[in-house]
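Asker: Sequence and predicted structure, then a few things I'm wondering about:
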Amino acid sequence: MSHSAAPSASVDGRAVLWSAPEAERAGRHLLVAMHGWSYDETHLFRITSPLHGELVVASLRAPFAEAGGYAWFPSRGNPIGNPRASLANAMAGAVLTWLDEQPAFSSVGLIGFSQGGAMALQLLRQEPSRFSYAVQLGGFVVDDSRPGDRVLADTRPPLFWGRGGLDGVIPRDAIARTDSWTRKHTDADIRVYPELGHDVAGREVDDLTAFVRARVA
């Protein structure tokens, strides 16, 4: 299958952290994890550790090295909360190309933090029938229009959107855009944690874990 991806937009399969050995992956539920700006594949792998015995987690590393970690959308030319749609689609295409190379799973879910949350939503928009649910943590929807948006408005896949009430990183206009899109295109569980900033911790981890468990029960 061919996907829209720039030559530099590839997922390094050697850097993927898997919660299960290769021989124990096929036919199970898969959760694809995508970290935020300046993080790496270890961040959400740790956050999802309560689920590792119940499904397969594949935690990806973003392609661009930046700020001591990695990024899906490099800072230059991509303001926080408003990356170029062409780049977001190329990055989503890279993840889809990587996923095409994996064995068949009984279901595929998505989880992402910050930029990774935007990636999760963009993947839903590119191939809405491929993913069973998504978890979007402290992220945003890309300012874009995709053919999949119409499909999502009809099917309304389950979405968990958690964010910190003290988050000063994601701009308000990006949050407003995300709120509008989310309510129109998904069956959303939207939660704001007053004590959190731009982070994933505490009650949010418990809530997202329960959400994913309910999707694969």
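Answerer: Alright, I've got the coordinates. Because the structure is predicted, anything quoted here is derived from the model rather than measured.

Asker: what's downstream of the helix ranked longest in the chain, the next helix or strand?
Answerer: Ranked by residue count under DSSP state H, the longest helix found in the chain is helix 85-100. Next along the chain after helix 85-100, taking DSSP states H and E as the criterion, comes strand 107-113.

Asker: now that following strand, how far from the centre of its chain.
Answerer: When C-alpha coordinates are averaged (C-alpha atoms, centre = their mean, to the nearest Å), strand 107-113 and its chain have centres 5 Å apart.

Asker: same question, stretch 164-172
Answerer: A distance of 18 Å separates the centroid of the chain from that of stretch 164-172, by C-alpha atoms, centre = their mean.

Asker: Quick check: buried residues in it?
Answerer: When burial is assessed from 16 or more other C-beta atoms under 10 Å, stretch 164-172 yields the following buried residues: G164, D167, I170. The way it works is simple: take the backbone N, C-alpha and C, and place the C-beta from them, glycine included.

Asker: I'd like the secondary structure assignment at the residue lying farthest from the centre of the chain, please.
Answerer: Largest separation from the mean C-alpha position in the chain: A23, at 25.1 Å (C-alpha atoms, centre = their mean). Here A23 is recorded as helix under DSSP: H, G, I helix; E, B strand; the rest coil.

Asker: ok so, going back, closest one to D143 out of the buried residues of stretch 164-172, please.
Answerer: I170 (13.2 Å; C-beta to C-beta).
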